[in-house]
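[1] Take this sequence and fold it.
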Amino acid sequence: MRTVALGETQAPNVVLGVMRIADLDDEAVRTLVTTARDAGINVIDHAAIYGHDLHGCERRFAEAMQLTSTERAELTLQTKAGIVREDGPYFDFSYDEIIRSAEESLRSLQTDYLDILLLHRPDALVEPDEVARAFDELEAAGKVRAFGVSNHTPSQIELLKKSVRQPIVANQLQLSIAHAPIIAQGVSANVAGDEQSITLDGGGILDYCRLNDITVQAWSPLQGRAGVFLGSPDYPELNAVIDQLAERYGVPAIAIAVAWITRHPAGIQVVLGTTTPQRVADAALGSDIRLTHAEWYALFRAAGYRVP
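    Model (predicted):
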C-alpha cells in the first residue's frame, strides 16, 4: 500500500473509518480491523458523535479490540471533537468542550494518547485563542500528538493559525468521483458561463492544503448526490467506465473508485466507511493503482464534469 505524508509521519493512503460499528459484535469488529491491517491500513478514524450515543463507536472499538500496548503503538488513532448533540446539534470549539471531548475519547478508546485530534466541521463562533489553549494543554500533557480539522475553508484554517501554533496536519473533506467540486472548480477556472467554475467555500482548498502540507482525507469516497454510485442505475456512464477500468486492471470496481482519488498528486487519504471486510480488502487494492491521465479524466467526464 502506498503511503502519503501525514504531519511528520508517513501513513497509508487508505484509512478505516469506524462510524458504523456500534451494532457490530466483538468478532465482527476484530475481523474488520484485522482485514484492514492485513491490507496495510493502520489509521483508524473515529469521532465523538459516531454511535448511538456520544463516543459510542470509540467504546465499541476499544471493548472489542482490547489492544495490547504493542498493538496500540502500531495504530494511528484519530478522532474528532466539536459537535454537540445535547440541545442541538451544534458546533462548539470552546476550550471546555475540546478538553471534555478529548478526555472522554481517551477514556472511551482506553488509550493514554490520541495520535490525531480533528475539529469536526467549522464552528461559526470559534475563538482561535480558546482552540490554541486547548491544543497547547493537550499536547503538553502528552494526550494528543497532532491536530487537524474537517470541512474547513482556507480562510477558516488561516484564522485558526493566528493563534494555534501546532501544524494543521489534516483536513477531512467530502470527495469522490461523483462529488468533486473542490477539483472541478480548478479545472474550469475562468470559463465564463460555466457553473462548474463557480468558486465555492473561498475556492482553492485543495491547492491550499498542498501548499501548506495539510493532508486531505476524503470522506464519503463512494457517494454522489444520489447516494452510492457504484452499480447505481443513476450513474450509468460512470459505472461503464469504472467497469471497463476494473477489467483492465483486474480489480473490483471499488478499487477504481479509490484509485481515482489516490491518483491525485495531493497525496489524499481515502476514508472508508464500510463495515464489510471484503469491501475493505477490495477498496485497498486501489491504493497502488496509478491511473493514466486519460483514464482519470475519462472517469471525471463520465461523472458529469466538464473538461473545457
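
[2] Could you list the low-confidence segments of this protein?
    190, 192-194, 197, 200-202 (pLDDT under 70).

[3] how does it look with 80?
    186, 188-203 (pLDDT under 80).

[4] now the strands for it?
    3-6, 9-12, 14-17, 43-45, 76-81, 83-84, 90-91, 116-119, 147-150, 168-174, 215-219, 223-224, 227-228, 269-272 (DSSP state E).

[5] and the first one, which residues are buried?
    For strand 3-6, a neighbour-count test (16 or more other C-beta atoms under 10 Å) marks 4, 6 as buried. Where C-beta positions appear, they are placed from N, C-alpha and C, glycine not excepted.

[6] just checking, what packs against it?
    strand 9-12, strand 215-219 (3 or more C-beta pairs under 8 Å, 6 or more residues apart in numbering; DSSP states H and E).

[7] Which stretch among those is buried most, on average?
    Ranked by mean neighbour count under mean count of other C-beta atoms under 10 Å, these are led by strand 215-219, which reaches a mean of 24.

[8] That one to strand 168-174, inter-axis angle?
    Taking axes from the mean of the first three to the mean of the last three C-alpha atoms, to 10 degrees, one finds strand 215-219 and strand 168-174 inclined to each other by 30 degrees.

[9] Could you export strand 215-219 as CSV, CA atoms only?
    Provided in CSV are the C-alpha atoms of strand 215-219 (Å, rounded to 0.1, in the frame of the first residue of the first chain):
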residue,chain,number,x,y,z
THR,A,215,-3.2,16.1,4.1
VAL,A,216,-6.7,15.9,2.6
GLN,A,217,-8.7,13.0,3.9
ALA,A,218,-11.6,12.1,1.6
TRP,A,219,-14.8,11.1,3.3
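
[10] From residue 264, how far out is the residue nearest to the spatial centre of the chain?
    In the chain, the C-alpha closest to the average C-alpha coordinate belongs to residue 217, at a distance of 3.5 Å (C-alpha atoms, centre = their mean). Separation of residue 217 from residue 264 (C-beta to C-beta, to the nearest Å): 13 Å.

[11] What are the boundaries of the helices in the stretch 51-200 of the chain?
    56-65, 69-73, 95-109, 128-140, 154-161, 181-187 (DSSP state H, counting those that start in this stretch).

[12] Can you list the buried residues in the third one?
    Judged by neighbour count (16+ other C-beta under 10 Å), helix 95-109 contains these buried residues: 95, 97, 98, 99, 100, 101, 102, 104, 105, 106, 108, 109.

[13] One more: the first one?
    For helix 56-65, the neighbour count (16+ other C-beta under 10 Å) marks 56, 57, 58, 59, 60, 61, 62, 64, 65 as buried.

[14] what about dumping the CA coordinates of it to PDB?
    Extracted C-alpha coordinates of helix 56-65, given in PDB (Å, rounded to 0.1, in the frame of the first residue of the first chain):
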ATOM      1  CA  GLY A  56     -20.300   5.100  21.300                       C
ATOM      2  CA  CYS A  57     -18.200   3.800  18.500                       C
ATOM      3  CA  GLU A  58     -15.000   4.600  20.300                       C
ATOM      4  CA  ARG A  59     -16.100   2.500  23.200                       C
ATOM      5  CA  ARG A  60     -17.300  -0.300  20.900                       C
ATOM      6  CA  PHE A  61     -13.900  -0.300  19.200                       C
ATOM      7  CA  ALA A  62     -11.900  -0.500  22.500                       C
ATOM      8  CA  GLU A  63     -14.100  -3.100  24.100                       C
ATOM      9  CA  ALA A  64     -13.800  -5.400  21.000                       C
ATOM     10  CA  MET A  65     -10.200  -4.900  20.300                       C
END
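
[15] just how off-centre is it within its chain?
    The chain centroid and the centroid of helix 56-65 are separated by 19 Å, computed with C-alpha atoms, centre = their mean, to the nearest Å.

[16] ok, back up a step: any chance of the helices and strands packed on strand 3-6 in CSV, with distance to residue 173 too?
    Compiled in CSV, those are given as follows (distance: least, C-beta to C-beta, whole Å):
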stretch, distance to residue 173
strand 9-12, 17
strand 215-219, 6
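
[17] Among the buried residues of helix 56-65, which pair sits farthest apart?
    Spatial extent of these (C-beta to C-beta) is set by the pair 56 and 65 at 14.9 Å.

[18] so what's residue 150 up against?
    Counting by C-beta atoms under 8 Å, 6 or more residues apart in numbering, residue 150 touches 80, 118, 119, 120, 121, 171, 172, 173, 217, 219.

[19] Including distance to residue 161, could the residues you listed go into CSV?
    Formatted as CSV, these follow (distance: C-beta to C-beta, whole Å):
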residue, distance to residue 161
80, 19
118, 15
119, 13
120, 18
121, 18
171, 12
172, 17
173, 18
217, 19
219, 23
